[in-house]
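Asker: sequence below, structure please.
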Amino acid sequence: MNRKPDLSSLQQIGTLAAISVVVGSIIGTGIFLAPTVVASFTTSISLVVLLWVLGGILCFVGADIYGKLGIIFPNGAGQYVYLRECLGENFSMLYGWLSFLVISPTMIASIALFFGIQLKLLFPGISSLYTKESALVMVAAFTFINCMGIKTAGSVQRIVVSLQILIITLFSISVIIYCHGNTPILQFNEQTYSLRTGVLAFVAILWSFEGFNSLTFITDEVRDGYRRIRWLTFAGCAVVFLIYLLLNYTAFSYLSHSELVGTPNIVTALSMKVSGAPGRLITFILIVVGIITTIHASIIIGPRITKVLAEDGLAPAFLRKLHPAYASPNNALLLQFILVSGFVAFGRFEALLTCFIVINWLFYCLVVIGFIRFKWRSDQQTLGCLDVLEAVLFVVPILVLIVSEICAHPVLATTGIAFFVIGLIFSTYFVRYTRNSAASRKYP
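Answerer: Numbers count the residues shown, from 1 in each chain. From the prediction side, this is the model:
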């Protein structure tokens with residue numbers, strides 16, 4: 001007689017895989033683009049360091065808040081559960097459906113389209129249709145890997161993130177060795193400040209730290225996640241911060257201000273400086289590895305939210321089903337792939353990115369507000385001054401980011417906010433109606 005496998009023990013990931021999910025979610029392509037945006041704001045290396053340190057502090061503050069929530073609610077599905085428990089089912093339903101229909105598929109699609117852009121830069125002769133097909137093949141491959149269960153997905157993530165860290169480290173060391181005879185620039189002479197470029201610089205840095213909360217979506221699939229989620233998230237953020245410091249040191253040490261501002265990304269400028277024409281291939285490899293780690297982590301997260309949404313009776317029941325052997329939400333994974341395919345086929349990279357940023361960061365603010373509300377209303381009165389300080393430090397910069405996106409892309413950003421408001425009204429009435437109907441059936 002065949003026995004069903006113990007999914008609780010078989011389908012869990014260990015320490016390195018868990019940290020790799022955090023690192024892979026954060027280190028995508030933002031770090032290669034952000035230093036050029038920062039350099040357009042200021043030529044002072046001390047101010048550059050200050051901006052990146054502030055971005056790192058925000059990342060750690062967010063990781064601490066989400067880590068605390070992960071210990072309180074170790075169920076997985078991350079901020080879907082946090083919104084449900086702290087603010088109510090109308091907020092969690094809104095987030096669940098927007099995550100299912102917009103946030104997760106647009107993020108995956110935007111990263112996939114960026115892969116297509118890099119492919120066309122390396123091979124200018126290929127058609128736009130081919131680049132989109134290549135992007136979809138990559139998404140399909142990692143969707144299939146996720147269908148094999150979290151252990152397989154975690155192992156793959158551990159390998160590609162380790163490869164990413166190794167390549168970035170070797171690349172930076174190679175540049176430093178090659179430029180060893182040169183005098184490090186480190187401090188530019190002139191100063192160029194403006195409020196607009198300053199906001200854009202900080203927005204670019206915040207975007208580079210996006211994904212700090214990724215592990216909370218699979219807390220129940222991490223070995224001893226209910227106890228270790230906080231320090232695992234911290235460890236992942238610490239690895240990212242060290243890598244970012246290394247890349248920034250390399251860029252600002254051996255590229256002049258004009259070289260920094262005049263390049264699409266620092267990898268292109270540094271690799272061309274070291275190796276000339278082969279630098280394009282080096283750039284492509286570095287960026288593609290970053291794309292792979294981020295897109296794989298993103299594919300892991302979305303279906304976990306959809307599964308819990310269906311378990312709460314707020315989405316079709318077939319989306320909550322798990323594979324009997326791999327415990328993977330294969331129905332949700334397949335539907336996510338179909339939605340991503342549509343966005344890749346008809347979407348534009350910039351439009352999808354703007355839509356994702358505005359909606360996703362709005363929910364970050366709501367989670368932090370819910371965290372404060374939950375601790376304030378708890379019987380133990382556990383709200384402390386540090387909690388309030390962390391909330392302020394986290395929410396204020398995010399509001400700056402949202403306002404800057406509205407100013408830069410008023411139509412797209414306003415559309416995203418309109419979806420948010422309309423969805424919240426609908427979800428409030430829907431939850432009220434379904435719960436009242438359930439109560440009337442239970443007590444006729």
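Asker: ok, the nearest residue in space to T233 that is not next to it in sequence to I406 distance?
Answerer: Nearest residue to T233 in three dimensions, chain neighbours excluded: A63, at 4.5 Å (C-beta to C-beta, 6 or more residues apart in numbering). (Each C-beta comes from the backbone N, C-alpha and C, glycine too.) Here A63 is placed at a distance of 26 Å from I406 (C-beta to C-beta, to the nearest Å).
Asker: tell me which of these two has more neighbours.
Answerer: Counted by other C-beta atoms under 10 Å, A63 and I406 do not tie: A63 has more neighbours, with 27 against 17.
Asker: show me the shaky parts of this structure.
Answerer: 1-11, 29, 43, 180-196, 262, 275-279, 347-357, 379-381, 435-444 (pLDDT under 70).
Asker: just want the most central residue of it.
Answerer: With the centre of the chain defined as its mean C-alpha position, the nearest residue by C-alpha atoms, centre = their mean is G211, 2.9 Å away.
Asker: what kind of secondary structure is that one in?
Answerer: Three-state call for G211 (DSSP: H, G, I helix; E, B strand; the rest coil): coil.
Asker: what about the residue lying closest to it once chain neighbours are set aside, how many neighbours?
Answerer: Distances taken as C-beta to C-beta, 6+ apart put S25 closest to G211, at 3.1 Å, once the chain neighbours are dropped. Using other C-beta under 10 Å, S25 has 26 other residues around it.
Asker: S25 sits in which helix or strand?
Answerer: helix 15-26 (DSSP states H and E).
Asker: quick one on the thing from earlier: from G313, how far off is the residue nearest to the centre of the chain?
Answerer: Taking C-beta to C-beta, one finds G211 at 29 Å from G313.
Asker: which ones are touching the residue nearest to G211?
Answerer: Residues in contact with S25 (C-beta atoms under 8 Å, 6 or more residues apart in numbering) are 210-212, 214, 293-294, 297-298, 301.
Asker: the same query, at a cut-off of 10 Å, please.
Answerer: 157, 161, 210-215, 217, 236, 240, 293-294, 296-298, 300-301 (C-beta atoms under 10 Å, 6 or more residues apart in numbering).
Asker: could you list which of those residues belong to helices?
Answerer: 157, 161, 236, 240, 293-294, 296-298, 300-301 (DSSP state H).
Asker: quick check, nearest of the residues you listed to L206?
Answerer: Lowest distance from L206 to the ones in helices among the contacts of S25 (C-beta to C-beta) belongs to V240, with 13.2 Å.
Asker: how about the helices in the stretch 51-200 of the chain?
Answerer: Using DSSP state H, counting those that start in this stretch, the helices of the stretch 51-200 of the chain run over residues 79-86, 89-98, 104-122, 128-147, 150-178, 195-208.
Asker: out of those helices, nearest to Y433?
Answerer: Minimum separation from Y433 across those (C-beta to C-beta) falls at helix 89-98, 11.2 Å.
Asker: the closest one: how far from the chain's middle?
Answerer: Its chain's average C-alpha position is 19 Å from that of helix 89-98, according to C-alpha atoms, centre = their mean, to the nearest Å.
Asker: alpha carbons only: can I get that helix in PDB?
Answerer: Provided in PDB are the C-alpha atoms of helix 89-98 (Å, rounded to 0.1, in the frame of the first residue of the first chain):
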ATOM      1  CA  GLU A  89     -10.600  40.800   4.700                       C
ATOM      2  CA  ASN A  90     -11.600  43.600   2.300                       C
ATOM      3  CA  PHE A  91      -7.900  44.800   2.200                       C
ATOM      4  CA  SER A  92      -6.600  41.200   1.900                       C
ATOM      5  CA  MET A  93      -9.100  40.400  -0.900                       C
ATOM      6  CA  LEU A  94      -8.100  43.500  -2.800                       C
ATOM      7  CA  TYR A  95      -4.400  42.700  -2.500                       C
ATOM      8  CA  GLY A  96      -5.000  39.000  -3.400                       C
ATOM      9  CA  TRP A  97      -6.900  39.800  -6.600                       C
ATOM     10  CA  LEU A  98      -4.600  42.700  -7.600                       C
END
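Asker: now it against helix 104-122, angle please.
Answerer: With axes from the mean of the first three to the mean of the last three C-alpha atoms, to 10 degrees as the basis, helix 89-98 and helix 104-122 are set at 30 degrees to each other.
Asker: helices or strands up against helix 89-98?
Answerer: Applying 3 or more C-beta pairs under 10 Å, 6 or more residues apart in numbering; DSSP states H and E, one finds that helix 89-98 makes contact with helix 79-86, helix 279-311, helix 349-377, helix 410-442.
Asker: rerun at 6 Å
Answerer: Here helix 89-98 touches helix 79-86, helix 410-442, going by 3 or more C-beta pairs under 6 Å, 6 or more residues apart in numbering; DSSP states H and E.
Asker: surely W361 and I398 touch.
Answerer: Yes: using C-beta atoms under 6 Å, W361 makes contact with I398 at a distance of 5.1 Å.
Asker: give the closest residue to I176 in space, chain neighbours not counted.
Answerer: T250 (6.4 Å).
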